[in-house]
Every structure is written in C-alpha cells, then in structure tokens.
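A.B. asks: can't give you the sequence, but here's the structure:
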C-alpha cells in the first residue's frame, strides 16, 4: 500500500527523513488517513537495532558488564525511533528506569544527509528566485545545529532537568527524573513513567479523562514554555507525550525525549508575543506594523496593503474551533501573502514553527472543538503584564542596581582623569593626543552619567508605581 511504501522509503533514507515523517504525521488534516496511520509508526516503532549491540554500547560506556550496573536490563527494546532506542531496566535500588541508547553509526548517516541538504540549499540559494527570501542555507545550518545537539544524550539530560525545574511548581506537566550517575554522552537513564499515550483516544476516554481540560492545558503549557520560560520542548509529536490520569478530571501531561529544545532571543520573543496579542485583538494594523518594525518584511512596504492582506487571511478563522478551520487553505493563503510582500524566513524561529505545527495538529485530534485563541489569549496577557507591569519595572531596577553602583563608584576616578588630561593639554605636551584622550574621557563620563540618570529615572518610576499601587489598594 502507498502509505507503507512512503514510511519504508523514509526509514531507508535515514534519521532526518524519519523526523520529517514524524512531524507531518501529526497533521491528519493534511494527509490521507492511510498515509497518516503509517507515518505515525515512525514516532516510536522504527525497526530496532540488535540487543547485542545495545549491550556492547552499555559495556563500553560503563567499562563493566551490564549486570553489574543494572539490577535488571530488558534486552527487548521498549521503543525505537530515528536517533535512538529505549530499553527498560531496574537500578540496584529497585527504581524502574528507561535506558536510551544512540543508534550505532547514526552520526555518520546524519552528516551524510546534511551534506546533501547543504548542496541542495546552495543550489536553491544561487538559482531559485525565492532563494534569498527563504534563506535555504541558513535553514539547513539552523537544523544542523539542532540535530547534532540531539546526538549528545548528556545534553538531553540537562534539558530534561531544566524543564523539570521550570514546571516544578505546577502539576500541568511532569518531567521524569534524570539519574545522572548512569548517564553518558551515548546513554541516558531516566525515571520510567506510566501513562496513556496521547494518541490513544480510546484509552483516554475509557479512563474518564477530561479531554477538554487536557487540550486547554496543552495550549497553556506551550505558551508558558515559549514566553514565560523561553525554553520549549521542540519535538512534541504524539510518541513523546503521555497522559497521567490518576485524577481524570485533572489529567497531567508527561513528556519524554528532550533532545530538541528551542529558545528565542528577547527581541524575537517580544515581537512574537506582540503579534499573537495583536491577532487575538484583531488588530491587523498592529500586526503589519510589527512585521515592518522587526525587519521581517522589507523596509518601504506599504503598511495599509499588508494590513489588508493579513486581515483577509486571519478574519475567516478568528474565534473558530479547530474543526472548522481548513489549515491547508490558511497555509496556502499565508504563502501567497509571504510571496507578495517578500516576507523573509526567520531561521531562528524554525523550531517554534515546527512545534506550533505539531501542537495545532495534536489539538485538532485531541479536542476538535478547542478554541485555540480563547485559550491562549489570557496566557499571553499575563505574560505581557509581567513584562511591562509595575513588578517588571521594579525587577529591572533591582537587576540594574549593581551597574548603577559601579557607575557611581567609578565617577570620581573619571573626573580626576579628565582633569589631569585637561591640564596636560593646556601645557601643550602632546596636545592632539591629549585632546583626543580628553574627548574619550568626557564621552565615558557622559555614558556613566546617563547610566546614573537612567537608573534614577527607573528608581523614581518604580517608587511612584509602588506608591500608586499601595494607594489604590488602600482605597
């Protein structure tokens, strides 16, 4: 069958193509059911490598027999994917764990694939009319950094530990514990979790899971990771997500596989947040202005025309549940707008686009009636208030206080230095050089003065804001 042939072809082509299949398998609204079903097998049922090789990897990594490291090691693979496969085991203290092992020779295969991708990207950049706008070379370079990082399982362990800390005070997302003493660059040992795969809708319904709450929590988790933590799981296909239903009314997500983690620069994060809020508020003029200000579209673009184009794409889908939106049609309209206005691809955001693509597809399968906009809007509002509200002003002042103290401490030295240089200049000794140094010293003094003035302004603003809040609260 066609679906099976497509899956087998991607498996044969190698890890990068398997990952492509994993990504598009989440979008059943874009694929025929038979192909979607087959590609879903790429999430955790890629053919495994032999258990003998798994034991060899472990004994090389630990320098001793497997039965001396683990109380029990199950040679039959629990799951297998494009980069690694997973076995279950028990530690000497009886803790149940999973042992993740890199596939033998995976780095060499990935490097070969990347060479091919770079060659094709180079040709596209040189000869394709949209090459400069779509930046194929930069996209491949960004993907190369991502995929190479995924080959270091110590890095994945560190990602898991950070994500666990980020969600430590909430029960929305559970991240399994890392057992650092057993981790190596090619071996990851982590707490084994027991949950229902998020793709198993029959099991979730049989457990009485509140599906609506689960879908809404998923949206909140995504936006919290991207905007509050600026540290998001960027490989959220169904094979990496489970649901713990100890309390069916309050289902808890559990994530695995932290090899791909995304972050944004402060400026990209800010522009993206303002774009989302402008969309939720149906402020299409603001969206157009943000795209121009951020440099995502060429300078000189007519803002009224871009605003009208954005309105034409967004208005038909606003406030509609997912099951009433044709994502394929929206995508085609967005491509036309991007082409017309020479919108430049932002390679640094490719992981975010991929993750949003997966999340939207997951939400469509999980709870088609989900109002994505209504669920996400309050999360974004809270984040923006945290960024520009009174508490943010006070926090900025607190963070800049050491710089202000340093400026004040250095001020007498700079004044004394300037005075000495002025005196030397008046004596005519090396007048040109001394005047140049005097000019530099005065410039430094002005910068220090600006730091002090800025610090005092921030401090005054924070004090006024705090007093206003107190008065308002008392009233």
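C.D. replies: That came through, no problem. Just so you know, these numbers come straight off a predicted model, no measurement behind them.
A.B. asks: which residues of the stretch 201-350 of the chain fall in strands?
C.D. replies: Listed in chain order, the strands of the stretch 201-350 of the chain (DSSP state E, counting those that start in this stretch) span residues 232-233, 241-244, 252-255, 261-262.
A.B. asks: Ok, the stretch 1-150 of the chain next?
C.D. replies: Counting by DSSP E, counting those that start in this stretch, the stretch 1-150 of the chain forms strands over residues 72-73, 79-80, 84-90, 96-102, given from the N-terminal end onward.
A.B. asks: hmm, who's touching the first one?
C.D. replies: What that stands for is strand 72-73. Residues from elsewhere that reach strand 72-73, judged by C-beta atoms under 8 Å, 6 or more residues apart in numbering: 55, 58, 66-67, 87, 89-90, 99. (Glycine included, C-beta is placed from N, CA and C.)
A.B. asks: first to last residue in stretch 8-27, what's the distance?
C.D. replies: Across stretch 8-27, the terminal residues are separated by 19 Å (C-alpha to C-alpha, to the nearest Å).
A.B. asks: on that earlier part again, out of the strands of the stretch 201-350 of the chain, the one nearest residue 143 is which?
C.D. replies: Of all the strands of the stretch 201-350 of the chain, the one in closest proximity to residue 143, counting by C-beta to C-beta, is strand 261-262 (12.1 Å).
A.B. asks: got JSON lines for the strands of the stretch 201-350 of the chain, with mean pLDDT and distance to residue 39 too?
C.D. replies: Formatted as JSON lines, the entries for the strands of the stretch 201-350 of the chain read as follows, by pLDDT from 0 to 100; distance: least, C-beta to C-beta, whole Å:
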{"stretch": "strand 232-233", "mean pLDDT": "91", "distance to residue 39": "20"}
{"stretch": "strand 241-244", "mean pLDDT": "94", "distance to residue 39": "17"}
{"stretch": "strand 252-255", "mean pLDDT": "94", "distance to residue 39": "21"}
{"stretch": "strand 261-262", "mean pLDDT": "90", "distance to residue 39": "23"}
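A.B. asks: for the ones you listed, which one ends up most surrounded?
C.D. replies: strand 232-233 (a mean of 25; mean count of other C-beta atoms under 10 Å).
A.B. asks: Mind listing the strands it pairs with, and their directions?
C.D. replies: Strand pairing for strand 232-233, determined by DSSP bridges: strand 261-262 (antiparallel).
A.B. asks: just to revisit the earlier point, would you turn the strands of the stretch 1-150 of the chain into a markdown table with distance to residue 108?
C.D. replies: As requested, those are exported to a markdown table (distance: least, C-beta to C-beta, whole Å):
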| stretch | distance to residue 108 |
| --- | --- |
| strand 72-73 | 27 |
| strand 79-80 | 19 |
| strand 84-90 | 15 |
| strand 96-102 | 12 |
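A.B. asks: related to what we said a few turns ago, pull out the buried members of the contacts of strand 72-73.
C.D. replies: In the contacts of strand 72-73, burial by neighbour count holds for 55, 58, 66, 87, 89, 99, counting by 16 or more other C-beta atoms under 10 Å.
A.B. asks: Out of those, the closest to residue 203 would be?
C.D. replies: residue 87 (23.4 Å).
A.B. asks: Report the contact partners of that closest one.
C.D. replies: The neighbourhood of residue 87, defined by C-beta under 8 Å, 6+ apart, consists of 54, 73-78, 98-99, 101.
A.B. asks: Including distance to residue 351 and pLDDT, could these go into CSV?
C.D. replies: CSV is the format used below for the contacts of residue 87 (distance: C-beta to C-beta, whole Å; pLDDT from 0 to 100):
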residue, distance to residue 351, pLDDT
54, 30, 95
73, 34, 96
74, 33, 96
75, 35, 94
76, 33, 94
77, 28, 94
78, 27, 93
98, 24, 97
99, 27, 97
101, 25, 96
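A.B. asks: Just the buried residues of the residues you listed.
C.D. replies: If you count burial by 16+ other C-beta under 10 Å, the buried members of the contacts of residue 87 come out as 54, 73, 77-78, 98-99, 101.
A.B. asks: between the strands of the stretch 1-150 of the chain, which gets the lowest average pLDDT?
C.D. replies: Across the strands of the stretch 1-150 of the chain, strand 79-80 has the smallest mean pLDDT, namely a mean of 88.
A.B. asks: got the contact list for that one?
C.D. replies: The contact list for strand 79-80, computed with C-beta under 8 Å, 6+ apart, reads 44-49, 85-86, 239.
A.B. asks: switch to 7 Å and redo it
C.D. replies: Contacts of strand 79-80 with the rest of the structure, by C-beta atoms under 7 Å, 6 or more residues apart in numbering, involve 44-48, 85-86.
A.B. asks: Counting neighbours, what do you get for residue 185?
C.D. replies: Here the neighbour count serves as a burial measure; for residue 185 (other C-beta atoms under 10 Å) it reads 14.
A.B. asks: picking that back up, tell me the two of the buried ones among the contacts of residue 87 that are most distant?
C.D. replies: 54 and 98 (12.6 Å).
A.B. asks: shared neighbours, those two?
C.D. replies: With contacts taken as C-beta under 7 Å, 6+ apart, residue 54 and residue 98 have no neighbour in common.
A.B. asks: Can you give me the neighbour number for residue 15?
C.D. replies: 23.
A.B. asks: Report the separation between it and residue 249.
C.D. replies: The gap separating residue 15 from residue 249 is 40 Å, by C-beta to C-beta, to the nearest Å.
A.B. asks: Please apply the same query to residue 22.
C.D. replies: Distance, residue 22 to residue 249, using C-beta to C-beta: 31 Å.
A.B. asks: more neighbours, those two?
C.D. replies: Between residue 22 and residue 249, counted using other C-beta under 10 Å, residue 22 has the larger neighbour count: 25 against 9.
A.B. asks: what stretches of the stretch 1-150 of the chain score poorly on pLDDT?
C.D. replies: In the predicted model, the stretch 1-150 of the chain carries pLDDT under 70 at residues 29.
A.B. asks: which residues in it form helices?
C.D. replies: Remark: helices assigned in the stretch 1-150 of the chain by DSSP state H, counting those that start in this stretch are 2-13, 15-25, 33-40, 51-62, 66-69, 106-127, 131-134, 136-149.
A.B. asks: Throw the ones you listed into CSV and include distance to residue 209, thanks.
C.D. replies: Formatted as CSV, the entries for the helices of the stretch 1-150 of the chain read as follows, by distance: least, C-beta to C-beta, whole Å:
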stretch, distance to residue 209
helix 2-13, 29
helix 15-25, 22
helix 33-40, 20
helix 51-62, 34
helix 66-69, 37
helix 106-127, 36
helix 131-134, 41
helix 136-149, 32
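A.B. asks: for those helices, which one sits closest to residue 387?
C.D. replies: helix 136-149 (26.0 Å).
A.B. asks: helices or strands next to that closest one in the packing?
C.D. replies: With contacts defined as 3 or more C-beta pairs under 7 Å, 6 or more residues apart in numbering; DSSP states H and E, the packing partners of helix 136-149 are helix 106-127, helix 350-366.
A.B. asks: before we move on, the earlier item: so of the buried ones among the contacts of strand 72-73, which two are at opposite extremes in space?
C.D. replies: The most widely separated members of these, counting by C-beta to C-beta, are 55 and 89 (11.6 Å).
A.B. asks: Would you confirm that residue 11 contacts residue 18?
C.D. replies: Yes: using C-beta atoms under 7 Å, residue 11 makes contact with residue 18 at a distance of 6.2 Å.
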